[in-house]
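S.K.: dropping the sequence and predicted coords here.
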Amino acid sequence: MTSDPSELPLAGVIDIHCHCGPDSLARTIDALDLARLAKAQGMRGIVLKNHFEPTASLAYLVRKVVTGIEVFGGVALNLPVGGMNPHAVDHMAKVTGGAGRFVWMGSFDTEAQVLYSKQSRPFVSVSSNGELLPEVKNVLDVIARHDLILETGHSTSEEVLLLIQEAHRHGVRQIVVTHAMIAPIHMQISQMKEAASNGAWIEFVYNGLIGPFKEFEFADYAQAIRAVGIDKCVLSSDMGHPANPPHPDGLLSFFEGLQREGLTPAEIEVMSKRNPALILGLD
């Protein structure tokens, strides 16, 4: 094994989409062990995501225990935090240490996700009749005030485009289209290109290529990435589900598969190192 961290397999990589424990859903690894594993592979940083609990406090504690790696958290605006609740965002941003950086506009509890899953249960709405709801605009105000990162979450492709436009009007600087290709977003390439041209980052996750949530092949991702442009794409794992490999292993397989489709190591470095660093303001 190399003693030079820069020669490790994932040296400098930042994964902005990491599910881990403790969680009310089954996860393969907890946040501390994930940070240790990522650091051992040379990774520069990870972002802890939980569908139901804010993770800024968790990220703060992980930082104290596992040094030498950047660890961030955020809040997903699902039912347990009151849905589109600007107060939840404001408090998350004020957590000690400033590790809370991401705001996902809902995930498992969004109207788009519940309808796609054909479930009959309460949900969180983002829009009505083609217009964003007032509470969503209030959330965008708080995101802008704290200079947080907007993640469009499990919204429809049409809602994603509305969110991007409105976020700019509210002064949000960094916008990521959460796993743009997979359910329930299912953005077409033309929509991804529109989102990117309006200043959003387009996220591609390994979770859409493997396991129970597989929807696409590597060739589909490669085609979309080429169309959108390397400089506007981000590669993340979205790992943590028991059926999937550990996050670093998933990233390595993800990168290898994209290289088989013609993407170069240098291009993968841009999408997995430079672009997420820019999103987080690390460069």
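M.R.: Thanks, I have the structure now.
S.K.: list the contacts for the nearest residue to V205 once chain neighbours are set aside?
M.R.: Leaving aside its chain neighbours, V205 sits nearest to D238 (3.6 Å; criterion: Cβ to Cβ, 6 or more residues apart in numbering). Every C-beta, even on glycine, is put in place using the N, C-alpha and C of the backbone. Contact partners of D238, counting by Cβ atoms under 8 Å, 6 or more residues apart in numbering, are 17, 19, 179, 205-208.
S.K.: and those residues, which two are furthest apart?
M.R.: By the measure Cβ to Cβ, H19 and G208 form the most distant pair in these, at 14.0 Å.
S.K.: which one of these two is surrounded by more residues?
M.R.: H19 (23 against 20; other Cβ atoms under 10 Å).
S.K.: now do the contacts for the nearest residue to the more buried one once chain neighbours are set aside.
M.R.: Leaving aside its sequence neighbours, H19 sits nearest to G240 (Cβ to Cβ, 6+ apart; 2.9 Å). By Cβ under 8 Å, 6+ apart, the contact set of G240 is 18-20, 27-29, 247.
S.K.: just the buried subset of those residues, please.
M.R.: Buried members of the contacts of G240, counted by 16 or more other Cβ atoms under 10 Å: 18-20, 27-29, 247.
S.K.: just those: which are in strands?
M.R.: Using DSSP state E, 18-19 are the members of the buried ones among the contacts of G240 that sit in strands.
S.K.: so which of the buried ones among the contacts of G240 comes closest to S157?
M.R.: For the buried ones among the contacts of G240, the residue nearest S157 by Cβ to Cβ is H19; the value is 22.9 Å.
S.K.: hang on, isn't the closest one packed against M239?
M.R.: Yes. Counting by Cβ atoms under 8 Å, H19 does reach M239; the two are 6.8 Å apart.
S.K.: show me where the stretch 151-283 of the chain has its helices.
M.R.: Per DSSP state H, counting those that start in this stretch, the stretch 151-283 of the chain carries helices over the ranges 157-170, 189-197, 218-228, 247-260, 265-269, 275-280.
S.K.: turn the ones you listed into CSV, including mean pLDDT and distance to V103.
M.R.: Below are the helices of the stretch 151-283 of the chain laid out as CSV (pLDDT from 0 to 100; distance: least, Cβ to Cβ, whole Å):
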stretch, mean pLDDT, distance to V103
helix 157-170, 98, 10
helix 189-197, 98, 17
helix 218-228, 98, 23
helix 247-260, 98, 22
helix 265-269, 98, 27
helix 275-280, 98, 13
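S.K.: out of those, nearest to V234?
M.R.: Nearest to V234 among the helices of the stretch 151-283 of the chain is helix 275-280 (5.0 Å), distances taken as Cβ to Cβ.
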